[in-house]
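[1] what's the 3D shape of this:
(one chain, ligands or ions: 1)
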Amino acid sequence: MEELKNCPFCGKPFIFQEITEPGIEVIHENKECQLERFIGWFKSKEQAIKVLNARPIEDALQRQIDDLEVKMKHWKGVLG
Ligand SMILES: [Zn+2]
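    Have a look, this model is predicted:
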């Protein structure tokens, strides 16, 4: 199973918290972070990971960086 990524704001972990009802809660223990302590309730760990690991802007920026690095290597080769 994919690992749950850390908070995109402070870099500290999100924590799974087992509950008596069906599903699972995710909490975040950093009072200085702009996110609330309670992140949310999810049907399953898999659903929480899918939702919380979605970082579309970060992923788009990484693709741009990768593309620019390829172009930079190419032009370094051309220019010597
Ligand atoms: Zn945080």
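
[2] burial count for C33?
    By other Cβ atoms under 10 Å, 14 other residues sit near C33. Every residue, glycine included, has its C-beta placed from N, CA and C.

[3] for the chain, which helix is longest?
    When the chain is scanned for its longest helix (criterion: DSSP state H), the result is helix 56-79.

[4] and that one, how far out from the chain middle?
    For helix 56-79, the separation from the chain centroid amounts to 21 Å (computed by Cα atoms, centre = their mean, to the nearest Å).

[5] that one packs against which elements?
    On a contact count with 3 or more Cβ pairs under 8 Å, 6 or more residues apart in numbering; DSSP states H and E, helix 56-79 meets no helix or strand.

[6] Three-state assignment for E2, please.
    Of the three states, E2 takes coil according to DSSP: H, G, I helix; E, B strand; the rest coil.

[7] excluding its backbone neighbours, what's nearest it?
    Computed as Cβ to Cβ, 6 or more residues apart in numbering, the closest residue to E2 that is not its neighbour in sequence is I49, at 5.4 Å.

[8] which outside residues touch the host helix or strand of the one you found?
    In this structure, I49 sits in helix 45-52 according to DSSP states H and E. With contact meaning Cβ atoms under 8 Å, 6 or more residues apart in numbering, helix 45-52 is reached by M1, E2, E3, L4, K5, F14, F16, I24, V26, I39, G40, F42.

[9] switch to 6 Å and redo it
    Helix 45-52 has contacts (Cβ atoms under 6 Å, 6 or more residues apart in numbering) with E2, L4, I24, V26, F42.

[10] coming back round to it: quick one: average pLDDT of the longest helix of the chain?
    Averaged across helix 56-79, pLDDT comes to 95.

[11] buried ones in it?
    By neighbour count on 16 or more other Cβ atoms under 10 Å, the buried set for helix 56-79 is empty.

[12] again with stretch 25-37
    So, applying 16+ other Cβ under 10 Å, buried residues of stretch 25-37: E25, V26, H28.

[13] among the residues you listed, which lie within strands?
    E25, V26, H28 (DSSP state E).
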